[in-house]
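> need a structure here:
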Amino acid sequence: MLRPHGFNRDISDEWFAPISDENTRIGRNAAETAPEARTIPCVTAAWALGYLLPPGMGLSEAIHYFPKTDIGRARDLNEDNFLVDKKLALTIVADGMGGHAAGEVASAIAVRVIHQEVRKRVDLVKSYEHGRASRDGAREIQHLMESAVLRACSRVHEEAKADASKRGMGTTLSSLLVAGHHGFVAHVGDSRIYLYRNGKVQQITEDHTVYNELVRRGRLTREQIEKVAQKNAVTRAVGVYERVDVDTLMIELLPGDQFLLASDGLHGYINHVAELEPYFEDEDGERAAAELVDLANKKGGKDNITCVMVRIGRSDQSTADQARRLEQKREALRNMPLFSKLQERELLRIMQVAEVLEFEPGEDVVREGDRGDELFIVIDGMLNILRGEQVLSEVGPGEHFGEMALIRSSPRSATVRAIERSELIALRRGDFFAILRKEYELAVKLLWQFLGVLADRLDQTSRDLSNAKEELAAEDISDALVPEDLDEPALAAAAAALLAARENGDDLTETMLADTAQLPSAPPPDGGDGDGSDGVVSPALPPVTSAKTLPSLSTELRQELRTRLAAQDLAARDLAAQDLAARDLAARDLAARDLAAQDLATKDAASAAPPVDEADRERSST
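Coordinates of the predicted model:
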C-alpha cells in the first residue's frame, strides 16, 4: 500500500489500513484501482447480463459499481478518496484540500468515519430495505447520513488541531446510500452527484462555492463572475470547522436509474449535463468510467480526477407503471402554483416528503370541522367538496385543496369525499416547515409563491362575492317586479324570444327596453288616468318572469332573464326619476308665477283707490 509522504504513524495506520472486506473497496489513485477492482458486480453473471433485476430482489441487491480515480497531470499527490461498499450499498467520493498531503488525510478520515458510522446502524438500513419502510424510517436514515458526516467533520477538525502542519485541512464529500427503493444523499462542498433517468441527466446536488453563491444571488453577471479570483473557493467543507451544514436528500429510485459521483477534477470540464449522456448510455460501465477520466486528462487534468458510476438493475416487471406513477407525482407538484418556480433539485426536495395516499369511493379525505395539517394534490380520480350534504364542487387530477393547512391549524371548512378510487399527494405542515428551516433559499421561494397563491385566492373570493351580490339583486328585482302567476304560454314565448335573439347576436337589453315603449302602460300608482297629469306612468314589463316559475329553463337562461329584468327596471326607475324632477321644476315655476301675480294685483289695487283728505280722516276718527 502506498504511504503518502509526511503522515505520522498513528494517522496512516488508522486511516489508510486496508479494509478486510471483499464487499468494500477504498481507493485513492490509479495504482490502487486495478482493472479487476474497478468493477464490483453484485449479482450473478446470469442476471448481470443487461442488468435485469431478479424476481424478489431489492434494488440495493442489483447494483453495479464502476469506480475510477487518477492523479491527473498537474498534481504530485492524489488527495481524492472514494469508497464502495456493495453490501451496505454505500458509495462515497471525497476531494481533500489543505496542501502538504493534508487534503489526503482529511478525505481518508472522512470516508472511513462515515463508513464506520453507517455500519453501526446496518440493522436500521436492512430493516428499511426489507419491507419495513416507513416515513419515520426514512427520516432516521437521513438523520444517520447527516450525523455520520458531522461525526467525520469533528474527527477531521480534531486531527487538524493536533498537527500544526495540517491546520485548516478539509474535504468535500458526496455520498449515496441505497436502501429499499430509495436513495439517500449526504453532500458538502463542490463534488457532485448526477442522476440519469429516462434518457436525461440532472445534477441533484448543489455546489457550495463562491461562484454558485454569486450566481444564485444574481449580484453579478456570469461574465463578471468569471473574473473573480477566488470564484472556485468552496463555502462549505468537512473538517475546516468543527461543524458544517449538510445537504440531505431522499430520492425514489426506479430500476434503470444511474448515478455518477464525481470530484471537481472531472465535472470542472463538463460544460453541460447533456455531455454526460453518451457515458451513461454505454453498456460497458468500466469503459465509460475510464473514458470520463481520460476526458478530464485530455482537457488539462489540472486536478485529481475521481468518479464512481452506480447502475441500478433494470427490470421488466411493472417498471413502466412505477415510472409513470413517479412522473405523475412530479408533474402534479410541478403544475401547482406553489411549486411551479422550483428548480429540479428543489422539486426533488419537496418530493421526498410528499406521500401518496389512496382512497376508496365514499371515503372521506378530510371532514368539515376537523383540524388538519395536510395539503392534498389529486393525481388520479374524482372527489366531491361538500358542506353538510350539499355538493359545492368537484376536484380532479391536477387540482389541489387544503393549502392553508400548511401555515395554520384551523378547522376544515368543507368535507372532501372520493367519488371513485383516487390517489392523492399529501404534504404535511411539519415536513413543510422542516424544509423552510433548513433550506433558506428554497424557503424564500416557497413563501413568495405562497403569497401569490393567497393573493389569487383573495381576488377570486372578491369576484365570487361580487357575482353573488349581483345575482341576488337580480333575483330580488325580478321577484318583486313580476307576478308569480303569469301563464305558461307567456313564459314560453319570452324564453323563445330571448333564445332567438341570443342566437342572432342581438343586444337583448336594448331590444327589451325598446319593446317596453310599445307595451300597454301599467296603471298609475295614484289612480290617475295615465296621461301624465295625475301620476308617474311606469312602462309595463314584457311577458317574462323570474326563473322560479319556469323550472324548465336552463341556468344560463334564468340568469339572462334576471339580468334583462334588472336592466329594464333600472331604466324604468330612471325614467320615473326624470319625470318627477320635471314635475317638481314645473310646480316651482307655477308657484313663482302665482306669487308674482299676487304681488302685481296688490300694487294695482293700491294705485286705483281715490285720495283721502286729511280733514275727512280726522272727522272719521272722531
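
> Tell me the helix or strand right after the helix or strand of the chain at the bottom of the mean pLDDT ranking.
The weakest-scoring helix or strand in the chain, judged by mean pLDDT, DSSP states H and E, is helix 45-48 (a mean of 25). The helix or strand immediately downstream of helix 45-48 is strand 63-70, counting by DSSP states H and E.

> Would you state the helices of the stretch 151-300 of the chain in chain order?
For the stretch 151-300 of the chain, applying DSSP state H, counting those that start in this stretch gives helices covering 210-217, 222-226, 264-267, 277-281, 285-298.

> so whichever strand or helix holds residue 472 versus helix 210-217, what angle?
Secondary structure assignment for residue 472, by DSSP H and E: helix 440-481. Orientation of helix 440-481 against helix 210-217 (axes from the mean of the first three to the mean of the last three Cα atoms, to 10 degrees) gives an angle of 10 degrees.

> what packs against helix 440-481?
If you count contacts as 3 or more Cβ pairs under 8 Å, 6 or more residues apart in numbering; DSSP states H and E, helix 440-481 packs onto helix 344-351, helix 429-438, helix 555-608. The C-beta positions use only the backbone N, C-alpha and C, and glycine is treated the same way.

> Going by neighbour count, list what's buried in the first one.
Spelled out, it's helix 344-351. Judged by neighbour count using 16 or more other Cβ atoms under 10 Å, the buried positions of helix 344-351 are 345-351.

> residues in contact with it?
202-206, 249, 251-252, 329-330, 333-334, 339, 342, 427, 435, 439, 442, 445 (Cβ atoms under 8 Å, 6 or more residues apart in numbering).

> One more: stretch 206-226?
With contacts defined as Cβ under 8 Å, 6+ apart, stretch 206-226 is touched by 187-190, 192, 228, 230-237, 247, 345, 441.

> Mind doing that once more with 10 Å?
172, 187-192, 227-237, 244-245, 247, 249, 264, 267, 343, 345-346, 439, 441 (Cβ atoms under 10 Å, 6 or more residues apart in numbering).

> about what we covered before: averaging pLDDT over each of the helices and strands packed on helix 440-481, which comes out lowest?
In terms of mean pLDDT, the lowest-scoring of these is helix 555-608 (a mean of 68).

> Now stretch 350-362: buried residues?
350-354, 356, 359.

> scratch that, stretch 446-457 is what I was asking about
Taking 16+ other Cβ under 10 Å as the criterion, stretch 446-457 shows 446, 449-450 as buried.

> which among those residues gets closest to residue 110?
Using Cβ to Cβ, residue 446 is the member of the buried residues of stretch 446-457 that lies nearest residue 110, at 31.9 Å.

> Confirm for me that the closest one is in contact with residue 432.
Yes. Using Cβ atoms under 10 Å, residue 446 makes contact with residue 432 at a distance of 7.9 Å.

> Spell out which residues are contacts of both of the two.
Common neighbours of residue 446 and residue 432, counting by Cβ under 10 Å, 6+ apart, are 338, 350, 406.

> for these, which one is nearest residue 256?
Distances from residue 256 to the shared contacts of residue 446 and residue 432, taken by Cβ to Cβ, are shortest for residue 350, at 23.3 Å.

> Distance check, the closest one against residue 377.
11 Å (Cβ to Cβ, to the nearest Å).

> residues near residue 165, how many?
The local packing of residue 165 (other Cβ atoms under 10 Å) involves 13 other residues.

> meant to ask about residue 469
Residue 469 has 10 neighbours, counted by other Cβ under 10 Å.

> which residues does the nearest residue to residue 267 once chain neighbours are set aside contact?
Excluding its sequence neighbours, the residue lying closest to residue 267 (Cβ to Cβ, 6 or more residues apart in numbering) is residue 192, at 5.0 Å. Contact partners of residue 192, counting by Cβ under 10 Å, 6+ apart, are 93, 172, 174, 203-207, 260-264, 266-268, 270, 273, 307.

> Out of the helices of the stretch 151-300 of the chain, which one sits most buried?
Across these, averaging neighbours per residue (mean count of other Cβ atoms under 10 Å) puts helix 264-267 on top, at a mean of 26.

> Just the CA trace of that one, in CSV.
Provided in CSV are the C-alpha atoms of helix 264-267 (Å, rounded to 0.1, in the frame of the first residue of the first chain):
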residue,chain,number,x,y,z
ASP,A,264,-14.4,18.7,-9.4
GLY,A,265,-11.4,17.4,-11.3
LEU,A,266,-13.9,15.7,-13.6
HIS,A,267,-17.0,17.8,-13.6
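
> sorry, back to before: quick one: the buried residues of helix 344-351 as JSON lines, columns for distance to residue 181 too.
Converted to JSON lines, the buried residues of helix 344-351 look like this (distance: Cβ to Cβ, whole Å):
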{"residue": "345", "distance to residue 181": "20"}
{"residue": "346", "distance to residue 181": "22"}
{"residue": "347", "distance to residue 181": "19"}
{"residue": "348", "distance to residue 181": "15"}
{"residue": "349", "distance to residue 181": "18"}
{"residue": "350", "distance to residue 181": "18"}
{"residue": "351", "distance to residue 181": "13"}
